[in-house]
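Asks: how would this look folded up:
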Amino acid sequence: MQPAPRETRAAAVAPDASTPRRGSAAARALRTHFGTVAGVAILGLLLWRLGTGVFLDGLRRIDGPTLAVALIVGAVTTVFSAWRWQLVARGLNIRLPLGAATADYYRALFLNAALPGGVLGDVHRAVRHGQSAGDVGRGVRAVVLERAAGQIALTVTGVTVLLTVPSPVLVEARNVAPLALFAAVGAFAVVTAVRMNRAPSTRGRVLRRTLAEARECLFSRRNGPGVALSSAVVLAGHIAMFVVAARVVGVDASALVLLPLAILALVAMGIPLNIGGFGPREGATAWAFAAAGLGEGDGLSVAVVYGVLSFAASLPGALVLIARWYTGLRERAQAPEAADAAAGPADTARNSGNSKAEVSGSAAADPEAAQVSNSTYAPKDSARLASKAFPFSAEPREGRPMTPDSV
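Replies: Down below sits the predicted model:
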């Protein structure tokens, strides 16, 4: 008995392509919601350890003047962020007015704060701007580079503050900094050696192009000063919001003591394992306040109040979202009316053409009717004279020259 062909055995062993792969679907779902699950786990652990009183106590202290300050600080940081986005887009040869950039940035901040993950608003901003500019790739790169500028400013400021300003994390930072620097230099040397011994590839060309765009958008003589200034103002606004939150909770520490703690909280906010910003920020702030001797409960309350104030500062983005949605509904409602209005003159012209064709046909059938029709509808002599003299008067008056009727 001969063995079955290899193709037959492979077909029998290979799974059906139409059969859903439950394991891969579960893995994709886990990767998609991993950030939300991690944020929920962090908040649950903090609630289990410290209780819900710290949350409620911080929320009770927020009043109207505090919300007004949050809105003012949020307006300043949003305008300067939009300006930074405009400069980066200009470096990529994309037109972006400052007013439209500010409105889109407000909308992105609100979506970041209201939706899980903390980055969906930026994704929406990148795609919409790319579609309006006719190049989605450039729109996405503009947003990525704009956000990278903010992270670079935070990294430079954070390293400087944590290594120079006295704080409970200073000793730990000094112990970790040499190891981190050594690891970074070693990784850079390994990557450089591998790239030197490898033939140029498409990925390498893409990387070089990306680095060239980053230099032009962020560090060029035309864009560099504006990007640096806007990033410094935005970072200062976030730190000021953190100090305001600490004062609302009742922490009397000086701004110099709170500065490294605010830097740690902002760094933790960049970790995409949160629910609308809540998660790692609360854990890092509670740990930092406990290490500073200010109490981990107060640290958690400060982080919660900061999150609420940041959400309040992004609320104008909800108004922008509603206004854009209402404008889209009106445009879709007016589209059929415009189509009907455009179709009206075409129907009239078509009907008049049919009438003329009917008249010419009847004239060809009856010559006498054609003569009567011509004599009836022929223009009069005075009308012909007026048409020749238009727009001047047809009859001179008292020997004066003919002038326009409107004079």
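
Asks: Report the contact partners of the closest residue in space to Gly150 that isn't next to it in sequence.
Replies: Take Gly150 and drop its neighbours on the chain: the residue closest to it by CB to CB, 6 or more residues apart in numbering is Ser231, 5.7 Å away. From N, CA and C alone the C-beta is placed, and that goes for glycine too. Residues in contact with Ser231 (CB atoms under 8 Å, 6 or more residues apart in numbering) are Arg84, Ala149, Gly150, Ile152, Ala153.

Asks: go on, Val119?
Replies: Each residue near Val119 by CB under 8 Å, 6+ apart is listed here: Asn112, Pro272.

Asks: going forward can the numbers begin at 880, since that is how I track them
Replies: I'll keep to 880 as the first residue from here, and by that count the last item is Val998.

Asks: Okay, it and His1008: tell me how far apart.
Replies: For Val998, the distance to His1008 equals 15 Å [CB to CB, to the nearest Å].

Asks: ok so Arg1101 is a helix residue?
Replies: No - per DSSP: H, G, I helix; E, B strand; the rest coil, Arg1101 lies outside any helix segment and is coil.

Asks: pLDDT at it, what is it?
Replies: At Arg1101, the model reports a pLDDT of 91.

Asks: got it, and Lys1267?
Replies: We have a pLDDT of 42 for Lys1267.

Asks: which residues of the stretch 880-1029 of the chain fall in strands?
Replies: With DSSP state E, counting those that start in this stretch as the definition, the stretch 880-1029 of the chain shows no strands.

Asks: Where does pLDDT dip in it?
Replies: 880-934, 937, 996 (pLDDT under 70).

Asks: make it 50
Replies: For the stretch 880-1029 of the chain, the stretches with pLDDT under 50 are 880, 885-899, 909.

Asks: if we can go back for a sec, among the contacts of Ser1110, which one is most surrounded by other residues?
Replies: Within the contacts of Ser1110, most neighbours by other CB atoms under 10 Å means Arg963, with 29 neighbours.

Asks: Now that residue. Nearest residue, chain neighbours left out?
Replies: Going by CB to CB, 6+ apart, Arg963 has Ser1109 as its nearest residue, at 3.9 Å.

Asks: In a helix, that neighbour, correct?
Replies: Yes - under three-state DSSP, Ser1109 falls within a helix.

Asks: rewinding a little: taking the contacts of Ser1110 together, which two end up most distant?
Replies: Arg963 and Ile1031 (11.4 Å; CB to CB).

Asks: Helices along the stretch 980-1129 of the chain, start to end?
Replies: Assigned helices in the stretch 980-1129 of the chain, in chain order: 999-1012, 1015-1043, 1049-1075, 1081-1093, 1103-1128 (criterion: DSSP state H, counting those that start in this stretch).

Asks: now the angle from the longest one to helix 1103-1128?
Replies: Direction vectors for helix 1015-1043 and helix 1103-1128, defined by axes from the mean of the first three to the mean of the last three CA atoms, to 10 degrees, enclose an angle of 60 degrees.

Asks: ditto for the shortest one
Replies: Here helix 1081-1093 runs at 80 degrees with respect to helix 1103-1128, directions being taken by the same axes, to 10 degrees.

Asks: Pull out the buried residues from helix 1081-1093.
Replies: Glu1092, Ala1093 (16 or more other CB atoms under 10 Å).

Asks: how about the residue nearest to Arg963, what does it touch?
Replies: Residues in contact with Ser1109 (CB under 8 Å, 6+ apart) are Phe959, Ser960, Trp962, Arg963, Leu966.

Asks: Distance check, the fourth one against Pro1151.
Replies: Remark: distance between Arg963 and Pro1151 (CB to CB) = 21 Å.

Asks: what kind of secondary structure is the nearest residue to Ala1132 once chain neighbours are set aside in?
Replies: Excluding the flanking residues, the one nearest Ala1132 by CB to CB, 6+ apart is Leu1173, at 6.2 Å. Secondary structure, three-state DSSP: Leu1173 is coil.

Asks: hang on, Leu1173 packs against Val1130?
Replies: Yes - if you go by CB atoms under 8 Å, Leu1173 and Val1130 touch, sitting 6.2 Å apart.

Asks: Give me the nearest residue to Val1022, chain neighbours excluded.
Replies: Ala1005 (3.8 Å).

Asks: of all the helices of the stretch 980-1129 of the chain, which gets the most neighbours per residue?
Replies: helix 1103-1128 (a mean of 20; mean count of other CB atoms under 10 Å).

Asks: Now do the helix or strand following that one: which elements does it pack against?
Replies: Next along the chain after helix 1103-1128, taking DSSP states H and E as the criterion, comes helix 1134-1148. For helix 1134-1148, the packing partners by 3 or more CB pairs under 8 Å, 6 or more residues apart in numbering; DSSP states H and E come out as helix 1015-1043, helix 1103-1128, helix 1159-1170, helix 1175-1192.

Asks: Dump the C-alpha coordinates for helix 1134-1148 into PDB.
Replies: In PDB, the C-alpha atoms belonging to helix 1134-1148 read as follows (Å, rounded to 0.1, in the frame of the first residue of the first chain):
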ATOM      1  CA  ALA A1134       7.100  74.300  45.400                       C
ATOM      2  CA  LEU A1135      10.800  73.300  45.400                       C
ATOM      3  CA  VAL A1136       9.900  70.200  47.400                       C
ATOM      4  CA  LEU A1137       6.900  69.400  45.200                       C
ATOM      5  CA  LEU A1138       8.900  69.900  42.000                       C
ATOM      6  CA  PRO A1139      10.600  66.400  41.800                       C
ATOM      7  CA  LEU A1140       7.300  64.800  42.900                       C
ATOM      8  CA  ALA A1141       5.500  66.500  40.100                       C
ATOM      9  CA  ILE A1142       8.100  65.300  37.600                       C
ATOM     10  CA  LEU A1143       7.600  61.700  38.800                       C
ATOM     11  CA  ALA A1144       3.900  62.000  38.500                       C
ATOM     12  CA  LEU A1145       4.200  63.400  34.900                       C
ATOM     13  CA  VAL A1146       6.600  60.600  33.900                       C
ATOM     14  CA  ALA A1147       4.100  58.000  35.300                       C
ATOM     15  CA  MET A1148       1.300  59.700  33.300                       C
END
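
Asks: Many thanks, I have nothing further to ask.
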